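Q: Provided below are the primary sequence and the corresponding predicted coordinates.
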Amino acid sequence: MPETKKILLVDDDKSFVESNTDLLEAYGYEIFTAYDGATGFKTAMKEHPDLVVLDVMMAHETEGFEVAQKIRKEPELKGTKILLVSGITKQMNLNYKLEPNKSWLPVDRIMEKPIDPARFIAEVEKLLG
């Protein structure tokens, strides 16, 4: 029997975390949650998730970017995938699309909020292969 994949949801929006916890658990994933970047990073170090679903704007506008960079610097978390989910582009009125970048945005995929549940599950499944 294959090992259950672990997913860490890090977002200060409690309704986003709760609804996506239910969704992901329905697909058989083990879910851990955090409502800020510091707790998210500590949880990642403790639980070694297969995937971190990470918001950008939490305690401050770039907290998610900073957490992603910290995760990538930890040898213990080397294989952890990161899916960034954020509404930063719309909220800050940016006229460009965020793209993964090894140096300043070291994530595997980016989804713009609000997210469609079917598309979200499809992205999670692609990342976890």
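A: Nice, I can see it.

Q: so what's the residue most central in space within the chain bridging to?
A: The residue lying closest to the centre of the chain (CA atoms, centre = their mean) is Val53, at 1.5 Å. In this structure, Val53 bridges to Leu9, Leu83 when assessed by DSSP bridges.

Q: ok, now which ones touch it?
A: Taking CB atoms under 8 Å, 6 or more residues apart in numbering as the contact definition, Val53 lies against 7-11, 20, 83, 85, 124. In short, each C-beta sits where N, CA and C put it, glycine included.

Q: do the same with Asp36
A: By CB under 8 Å, 6+ apart, the residues touching Asp36 are 10, 12, 58-59, 63.

Q: now Pro49
A: Per CB under 8 Å, 6+ apart, neighbours of Pro49: 6-8, 32, 43, 80.

Q: Please produce a markdown table containing those residues, extended by secondary structure, neighbour count and pLDDT.
A: A markdown table is the format used below for these (DSSP: H, G, I helix; E, B strand; the rest coil; neighbours: other CB atoms under 10 Å; pLDDT from 0 to 100):
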| residue | secondary structure | neighbour count | pLDDT |
| --- | --- | --- | --- |
| Lys6 | strand | 18 | 98 |
| Ile7 | strand | 26 | 98 |
| Leu8 | strand | 25 | 98 |
| Phe32 | strand | 17 | 98 |
| Thr43 | helix | 18 | 98 |
| Thr80 | coil | 18 | 97 |
